[in-house]
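Colleague: Just the structure for this:
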Amino acid sequence: MRTDDVLAQIDSALHDWTVSADAMRSKPADEPPVPAALARPVPLPSDVRGMLARRISDRHDLPQESALQAVRDAERGISTDHTDLVKAEAQTLISESVDRIRVALRPVLSNLAAALQHLRAAVPCDDRPGPARRDRRAWQSPYGPPPRRR
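Modeller: Residues are numbered from 1 along each chain as shown. Now for the predicted structure:
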């Protein structure tokens, strides 16, 4: 694009009466923006998609193909008759997974707490401040009184 073309566009924008003098200011959005992570559906790994479809099929007497299609539709953000069922089953699956992780980590954390107690016993740590210094008054700075001028 040539310089003359750019200047012509600027001139036309300045003399265009449909644009107000306030045109360079930003206009606030009508609704709050959706976070980027929630703007588009999150793709599921195929094994998670299959596991969720099997759970729905087994627990709610839905054919395997229908359950898989319901999971795919929920993944794409398409609302169907089974969307609430997919969300509830996904929440249950997440809760069960977190409980399994919690149970698996409990012995590790208890061993870590015991190790920290042994470490505290081996290395005494005193968080209290040391004794007050006697070479200056309490209200003076740690650097002592200001020097006197002569």
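Colleague: what about the protein, any weak spots by pLDDT?
Modeller: Scanning the chain for pLDDT under 70 picks out 1, 14-42, 125-126, 132-140, 144-146.
Colleague: run the last query once more with 80
Modeller: Residue ranges of the chain with pLDDT under 80: 1, 10-44, 123-150.
Colleague: could you show me where the helices are in it, in order?
Modeller: Under the criterion DSSP state H, the chain contains helices at 3-14, 36-39, 46-60, 64-76, 83-122.
Colleague: okay, the ones you listed in JSON lines with distance to Ser141 and mean neighbour count next?
Modeller: Every residue, glycine included, has its C-beta placed from N, CA and C. What follows is the helices of the chain, written out as JSON lines (distance: least, CB to CB, whole Å; neighbours: other CB atoms under 10 Å):
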{"stretch": "helix 3-14", "distance to Ser141": "61", "mean neighbour count": "10"}
{"stretch": "helix 36-39", "distance to Ser141": "51", "mean neighbour count": "8"}
{"stretch": "helix 46-60", "distance to Ser141": "62", "mean neighbour count": "15"}
{"stretch": "helix 64-76", "distance to Ser141": "64", "mean neighbour count": "18"}
{"stretch": "helix 83-122", "distance to Ser141": "34", "mean neighbour count": "11"}
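Colleague: Those: which one's closest to Pro131?
Modeller: Distance to Pro131, taken as CB to CB, is lowest for helix 83-122 among the helices of the chain, at 23.1 Å.
Colleague: elements contacting the closest one?
Modeller: Here helix 83-122 touches helix 46-60, helix 64-76, going by 3 or more CB pairs under 8 Å, 6 or more residues apart in numbering; DSSP states H and E.
Colleague: which one of those lies closest to Ala122?
Modeller: helix 46-60 (45.3 Å).
Colleague: hmm, who's touching that closest one?
Modeller: The contact list for helix 46-60, computed with CB atoms under 8 Å, 6 or more residues apart in numbering, reads 44, 62-64, 66-68, 70-72, 75, 82, 85-86, 89-90, 92-93.
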